[in-house]
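**Q** Fold the stuff below for me.
(2 chains)
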Amino acid sequence: MKTLLISPVHCISISVIITCLLLVSILVGCAPAAPQTATPAPTTATPVIPGKARFKIATTTSLYDTGLWNYLEPTFEKKAGVEMDIVYAGTGIALEYGRRGDVDAVVVHDPEAEAKFISEGYGINKRSFAFNHFLIAGPASDPAGIKDLSPEQAFKKIYEAGIADPNKVKFVSRGDNSGTHSKEKLIWKAAGLNYADVEKSGPWYVEAGKGMGPCLLMASEQGAYILSDISTFLAFKGKVNVVPLVEKGDLFLNVYDVIEINPEKVTTAKMLPTAKAFTNWLMSDDVQNLIATYGVTEYGRPLFSPLKGGGCTESGCPKLEDYTVPVQ
Amino acid sequence: MQEIWQALVQAVNLIVGLDPEVIQISLRSLYVSAWSISIAALICIPIGGLIHFHDFKGKRVVINIIQTFYSLPTVVVGLLVFLFISRSGPLGGLELMFTPTAMVIGQVILILPVLTGMTIGALSGVDRSIRDTALSAGANNVQAMWAILFEAKFAVVGALILGFGRAISEVGAALMLGGNIKGYTRVLTTAISLETQRGDLVLSLALGIILIGIAMVVSITMNILLQRY
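**A** Reported below is the predicted structural model:
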C-alpha cells in the first residue's frame, strides 16, 4: 500500500519548472493563451510592458476620488512621453510607498507627516499646488448645537455632548492615519483635548478605519458628526443624511503638496527629472486654471482652488515661493 | 433599495453597450485570475497528489496546517508580498510592484492552500481499488495517478472553480499589489471598491453583477467541458 506512485522529487521539480516558465513568460509579457491545465476560458492578453517608461505617483484618496487625475493624466503623459501610473492611498501609506521607492513622487495633504518625510531625507522639492477646506457635517437636527461655531469649539461641544449621551451624539473618525485623520487630531488638540483621551472616552467616538466615502455613509447611518474634505462631501451629497454645519475656520485649510522622492536616499527612485517636470507642470498656468474650474459642471462649484493668483490668504497658507518657484 | 434595480439596468446597459472601459476591466480580471488559477493548479495538484498518495508521519498535521490557511486574509497576503517585491524588498530589483504580475503572485499565494487542500479531499474520495486495478492491469505509477485524477475530476474541477472564485473576487491583495492603476492594474473588484469610495453605489453594484456574470460563464463552461470528457 505504501508504494510511491511518483517520486516526490519528480513532482516538485516538474511543478517548479513549469511555474518558473510561466512566471518568466508573464514577466516578458508575451503572455501566451492560458495553459492547458484546467484553465477557465481563454482570455485576451493585455500588454503588460509597454515601451514607455512608467512614472509612478502615489496620491491621497480624497484627491483621486474626485476624478481630477483622470482629467490631468493624459495631458502629462503626452507632455512628458511617459506612461503615468497613479496609485491612491491614505497619506500614511502613500508616504510609505515613497520611503520604499515604489513611487517617484507623492501628492499628499498632511503638513506634519510631510515635514517628517522631508527631514528624514526621503522627500525633496516640496511644492504646493491646490487647496480647499474641510468641514464638519452632522445630522440636520444638530443635537450637540455646533452650527457655525469655530472648528475647535464645535469639537469640544461634540465631545461633551457625546460623553453625556452617546446614544444621541456620535462622531465618526477615519482612524486611518490619513491626512483627514491628522487634521482631526490637530483640531482636538486646538480644542484643548488630548487625542489619546478622546479616542478612549466612550462609545460616542466611532473609529471607522475606512476611506472618506464609506465614513460619510457610516455617519449618515448613525446620525453622527464627521470631519470631511469638501470634495468627497460634495460627491456624496444627496446620498447621505448629514449636512454641513461648520464650514469656516483657519484650521479647516487643506493644502495639497507634491513631493519628489530623493534618489540619494531612496536609490531605487529613478525618475527624478520626470518628477521635477511633473511638479513644475502642476504649478503651471494651464493646470492652475484647470483646477480653478474643475468640478463646476458636476457639483456646481469648484472642488479645489488653485494657489496661483494668491487666492489663499489664511494663516497657514503656503508661502509665495512654495507655489511659484519652479524646481531646478 | 431602488439602487439594486438601477444597478441591474446599468449592468445590462454596460454589457449591451459594450462599454470599452468596463470590457477592458472585465477582461483584465479574467486574465489575472486565469493566470493565478493556472499557476496554482500546476503547483497544487501535484503537491496535493503527493500528500495524498504518501503515508507519512505528521500527515494529519500537514493537512490541518493547509486547512488553517484557508482563512488567510487577502490583505495580509497583499502585505507580505508587498514586503518582498517592494523596490526596497529582497525582490525589489524585479520591479514588480504595481504590475499585473504582482497581482497574480498575490492571488496564487492566496489560493494555494485552498486548492491543495481541496485536491487532497478530491483524491480521498476516490476508491482505493481504482489504483490497484490500474496497477494490476499493467499501468505504471504515473498512469495510475492519472486514472485516479480522472476519477476525481468532478471534485478537482470543483476545487478549481472555487480557487478561481477566490481569485477573481478578492480585493485586498489586488488593491495593495496592483494599486488599481487605470488601464493597467484595474480589475473589477478594485474598480468596485473605488466606485464605492467615490459614492457611485449604482455603478459599484453594476460591476458586481458583471463579476458574478463572468463567474457564471466560467463555471458553466468548465462544467460543459467536464461533461464532454
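**Q** For chain B, which segments are assigned as helices?
**A** B:2-16, B:20-53, B:59-68, B:74-85, B:100-124, B:128-136, B:141-151, B:153-169, B:172-173, B:188-198, B:201-228 (DSSP state H).
**Q** so which of those helices comes closest to A:Val82?
**A** Closest approach to A:Val82 among the helices of chain B (C-beta to C-beta): helix B:100-124, 18.7 Å. To be clear about C-beta, it is placed using only N, CA and C from the backbone, and glycine gets the same treatment.
**Q** and that closest one, does that touch chain A?
**A** Yes. On the criterion C-beta under 8 Å from any C-beta of the partner chain, helix B:100-124 is in touch with chain A at B:100-101, B:104.
**Q** tell me which element A:Glu260 falls in.
**A** Per DSSP states H and E: A:Glu260 is located in strand A:253-261.
**Q** hmm, I was thinking of A:Ile57
**A** Here A:Ile57 is assigned to strand A:54-60, by DSSP H and E.
**Q** And residue 124, what's its pLDDT?
**A** With no chain named, the answer covers chain A. With respect to pLDDT, A:Ile124 has a value of 95.
**Q** think we crossed wires, I meant chain B
**A** For B:Ser124, the pLDDT comes out at 90.
**Q** Apart from its neighbours in sequence, what residue is nearest it?
**A** B:His52 (6.5 Å; C-beta to C-beta, 6 or more residues apart in numbering or on different chains).
**Q** Just give me the neighbour total for that neighbour.
**A** 21 (other C-beta atoms under 10 Å in any protein chain shown).
**Q** ok, now which ones touch it?
**A** Neighbouring residues of B:His52 by C-beta atoms under 8 Å, 6 or more residues apart in numbering or on different chains: B:119-120, B:123-124.
**Q** Looking at those residues, which is nearest A:Lys308?
**A** Out of those, the member with the shortest distance to A:Lys308 (by C-beta to C-beta) is B:Thr119, at 62.0 Å.
**Q** ok so, going back, any chance of the contacts of B:His52 in TSV, with neighbour count too?
**A** Shown next, in TSV, are the contacts of B:His52 (neighbours: other C-beta atoms under 10 Å in any protein chain shown):
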residue	neighbour count
B:Thr119	28
B:Ile120	23
B:Leu123	21
B:Ser124	13
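**Q** Return the member of the residues you listed nearest to A:Gly202.
**A** B:Ile120 (49.5 Å).
**Q** Report the separation between that closest one and B:Val126.
**A** 11 Å (C-beta to C-beta, to the nearest Å).
**Q** hmm, the strand holding A:Ile57 touching chain B?
**A** Yes. Shown here: strand A:54-60 in contact with chain B (C-beta under 8 Å from any C-beta) through A:Lys56.
**Q** and that strand, what does it pack onto?
**A** Helices and strands touching strand A:54-60, by 3 or more C-beta pairs under 8 Å, 6 or more residues apart in numbering or on different chains; DSSP states H and E, are strand A:83-89, helix A:91-99, strand A:105-108, helix A:272-283.
**Q** Just checking: what are the partner strands of the longest strand seen in chain A?
**A** Longest strand of chain A, by residue count under DSSP state E: strand A:123-138. If you go by DSSP bridges, strand A:123-138 pairs up with strand A:225-229 (antiparallel), strand A:243-246 (antiparallel), strand A:253-261 (antiparallel), strand A:305-306 (antiparallel).
**Q** domains in chain A, as residue ranges please.
**A** With automatic domain parsing as the criterion, the domains of chain A are listed as A:54-132+A:254-324, A:134-252.
**Q** Export those domains to CSV and append columns for mean neighbour count.
**A** Below are the domains of chain A laid out as CSV (neighbours: other C-beta under 10 Å):
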stretch, mean neighbour count
domain A:54-132+A:254-324, 19
domain A:134-252, 19
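**Q** what would these look like in CSV with distance to B:Val156?
**A** Listed next are the domains of chain A as CSV, based on distance: least, C-beta to C-beta, whole Å:
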stretch, distance to B:Val156
domain A:54-132+A:254-324, 37
domain A:134-252, 39
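**Q** Of all those, which one is nearest B:Val22?
**A** The nearest among the domains of chain A, by C-beta to C-beta, is domain A:54-132+A:254-324 at 15.1 Å.
**Q** Pull up the pairing partners for the strand holding A:Ile57, direction included.
**A** Applying DSSP bridges, one finds strand A:54-60 paired with strand A:83-89 (parallel), strand A:105-108 (parallel).
**Q** Tabulate the ones you listed (a markdown table), appending mean pLDDT.
**A** As requested, those are exported to a markdown table (pLDDT from 0 to 100):
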| stretch | mean pLDDT |
| --- | --- |
| strand A:83-89 | 93 |
| strand A:105-108 | 95 |
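**Q** In TSV, list these along with distance to A:Ser178.
**A** Output for those, formatted as TSV (distance: least, C-beta to C-beta, whole Å):
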stretch	distance to A:Ser178
strand A:83-89	9
strand A:105-108	9
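**Q** What residues does the stretch 201-328 of chain A have near chain B?
**A** Residues of the stretch 201-328 of chain A lying near chain B (C-beta under 8 Å from any C-beta): A:211-214, A:216, A:232, A:235-236, A:239, A:266, A:268.
**Q** Now intersect these with the helices, please.
**A** Filtering these for helices - DSSP H - leaves A:212-214, A:216, A:232, A:235-236.
**Q** any idea which of the residues you listed is least confident?
**A** A:Ala235 (81).
**Q** and it, how far is that from A:Cys215?
**A** Counting by C-beta to C-beta - A:Ala235 and A:Cys215 are separated by 13 Å.
**Q** Would you pull up the residue in the stretch 201-328 of chain A closest to chain B?
**A** Closest to chain B within the stretch 201-328 of chain A is A:Thr268: 3.8 Å, counting by C-beta to the nearest C-beta.
**Q** wait, that residue sits on B:Met97?
**A** No. A:Thr268 lies out of contact with B:Met97 (C-beta atoms under 8 Å); the separation is 9.9 Å.
**Q** Next one, pLDDT for residue 72 please.
**A** All of this refers to chain A. At A:Leu72, the pLDDT value in this model is 91.
**Q** hmm, I had chain B in mind actually
**A** 93.
**Q** Could you do A:Pro40 as well?
**A** So A:Pro40 comes in at 36 (pLDDT).
**Q** ditto for the one 3 residues further on
**A** In this prediction, A:Thr43 carries a pLDDT score of 37.
**Q** do B:Arg28 as well
**A** On the pLDDT scale, B:Arg28 gets 96.
**Q** For burial, what's the neighbour tally of it?
**A** 24.
**Q** so it touches B:Pro100, yeah?
**A** Yes. The criterion here is C-beta under 8 Å, and B:Arg28 meets it with B:Pro100 at 7.3 Å.
**Q** Which residue is the nearest non-sequential neighbour of A:Ile57?
**A** Nearest non-adjacent residue to A:Ile57 (C-beta to C-beta, 6+ apart): A:Ala105, at 4.7 Å.
**Q** residues touching the one you found, list them.
**A** Contacts of A:Ala105 by C-beta under 8 Å, 6+ apart are A:57-58, A:98, A:258-261, A:275, A:278-279.
**Q** got it, and A:Lys183?
**A** A:110, A:134, A:227, A:251, A:254.
**Q** repeat for B:Ala174
**A** By C-beta under 8 Å, 6+ apart, the residues touching B:Ala174 are B:32, B:78, B:103, B:106-107, B:180, B:185, B:187, B:189-190.
**Q** at 10 Å what do you get?
**A** Contacts for B:Ala174 were tallied using C-beta atoms under 10 Å, 6 or more residues apart in numbering or on different chains; they are B:29, B:32-33, B:74, B:78, B:100, B:102-104, B:106-107, B:110, B:167-168, B:180, B:185-190, B:193.
**Q** returning to what we had before: going by distance to B:Cys44, which of the ones in helices among the residues of the stretch 201-328 of chain A next to chain B wins?
**A** A:Pro214 (34.9 Å).
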